[in-house]
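S.K.: This is the structure alone, sequence omitted:
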């Protein structure tokens, strides 16, 4: 039976491929796509979700725009990585899908509460929408099946030495999500840096030979322009979707994860305690090791299906 999923995102090159992977996978029933400010401003991330849905043939999934700023802080975007549009590198057709009138937070709450125990939340951007859904309807903690998020790190950050981008942008929202008490998997940088778009992977994408694969190759070339020395860009967000499709594609360890909101130099750090030193019970499964060949088979199979 397909897993019912809501993807909360801020497209973003890697978000785009995460949406394609979810839509193409028979193991996933994509209930909704909700957008949040992060990689770019909300108007741009929402437009990008519409663009991706248009080229990937995602026609029957509602897209709802959400929060245009973090809970308490000024918005930080990632234009240096994703470009001025948030999805630079490809020539996009005019979007053929539109957004629904509902706010993303309302749609998340309504879908989760309408199917208790069935819906998996997959947030792959800053966690503002998810935190506000918790505030609006605290009962979603018991109603959601699980939360599988892309964010955090148990070693080093990518936006600061301590913090990964999604958590850094809205640490107060992330703190609320990690302390909510629902089943949660953190797919962070330590895992996603194993999913690099190498030259071999680029050749395999190009070899698919479809118009969509051509767009994906264009996106990855732009996205990878800053990562040549590292062997290619890490494809962060699809890793969270892959975890939902096939939990065995990655190994996880239970840990207590706390989000730093007060530190002068450590804003957004995900302090990860695998050994119980802080005296708290584990609140997350933390992804540690990726089955790289299996992950890329999922991604390439998805591109072929969508073609």
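M.R.: Yes, it's here. Bear in mind that the values here come from a model prediction, so they are computed numbers and not experimental data. Numbering: from 1, shown residues only.
S.K.: which helices and strands does the helix or strand harbouring residue 21 pack with?
M.R.: Secondary structure from DSSP states H and E places residue 21 in helix 13-24. Here helix 13-24 touches strand 3-9, strand 28-35, helix 42-56, helix 211-223, helix 236-245, helix 292-306, going by 3 or more CB pairs under 8 Å, 6 or more residues apart in numbering; DSSP states H and E. Glycine gets a C-beta too; all of them are placed from N, C-alpha and C.
S.K.: List the buried residues for the third one?
M.R.: Put plainly, it is helix 42-56. Using 16 or more other CB atoms under 10 Å as the test for burial, helix 42-56 gives 42, 44-56.
S.K.: Residue 164: which of the residues you listed is nearest?
M.R.: residue 45 (17.7 Å; CB to CB).
S.K.: mind listing what the closest one touches?
M.R.: 9-12, 35-39, 86, 125 (CB atoms under 8 Å, 6 or more residues apart in numbering).
S.K.: Count the neighbours of residue 190 for me.
M.R.: Neighbourhood size, residue 190 [other CB atoms under 10 Å]: 20.
S.K.: With residue 180 instead?
M.R.: For residue 180, the number of neighbouring residues by other CB under 10 Å comes to 17.
S.K.: okay, it: pLDDT?
M.R.: Note for residue 180: predicted pLDDT of 98.
S.K.: That one contacts residue 141, doesn't it?
M.R.: Yes: Residue 180 is within contact range of residue 141, at 5.1 Å (criterion: CB atoms under 8 Å).
S.K.: Can you work out which residues contact both of these two?
M.R.: Taking CB under 8 Å, 6+ apart as the contact rule, residue 180 and residue 141 both touch residue 134.
S.K.: mind checking which of the helices and strands packed on helix 13-24 is nearest residue 160?
M.R.: Distances from residue 160 to each of the helices and strands packed on helix 13-24 were compared using CB to CB; the minimum, 16.5 Å, belongs to helix 236-245.
S.K.: List the contacts of residue 226.
M.R.: Residues counted as contacts of residue 226 (CB under 8 Å, 6+ apart) are 80-81, 233.
S.K.: between the residues you listed, which is closest to residue 278?
M.R.: Nearest to residue 278 among the contacts of residue 226: residue 81, at 32.5 Å, using CB to CB.
S.K.: what's around that closest one, how many residues?
M.R.: As a burial measure, residue 81 scores 21 neighbours (other CB under 10 Å).
S.K.: Please identify which helix or strand holds it.
M.R.: Here residue 81 is assigned to helix 79-82, by DSSP H and E.
S.K.: And the longest strand seen in the chain, what does it pack against?
M.R.: In the chain, taking DSSP state E as the definition, the longest strand is strand 250-259. If you count contacts as 3+ CB pairs under 8 Å, 6+ apart, strand 250-259 packs onto helix 171-178, strand 184-187, helix 236-245, strand 270-273, strand 284-290.
S.K.: if we go to 10 Å?
M.R.: Applying 3 or more CB pairs under 10 Å, 6 or more residues apart in numbering; DSSP states H and E, we find strand 250-259 packed against helix 165-169, helix 171-178, strand 184-187, helix 189-192, helix 236-245, strand 270-273, strand 284-290, helix 292-306.
S.K.: Indicate which one of those is closest to residue 203.
M.R.: Among the helices and strands packed on strand 250-259, the nearest to residue 203 by CB to CB is helix 292-306 (11.0 Å).
S.K.: returning to what we had before: each with direction, which strands does the longest strand of the chain pair with?
M.R.: When sheet partners are counted by DSSP bridges, strand 250-259 sits next to strand 270-273 (antiparallel), strand 284-290 (antiparallel).
S.K.: between those strands, which gets nearest to residue 215?
M.R.: strand 284-290 (24.8 Å).
S.K.: just the angle between the closest one and helix 236-245, please?
M.R.: Between strand 284-290 and helix 236-245, the angle comes out at 110 degrees (axes from the mean of the first three to the mean of the last three CA atoms, to 10 degrees).
S.K.: No further queries at this time; thank you.
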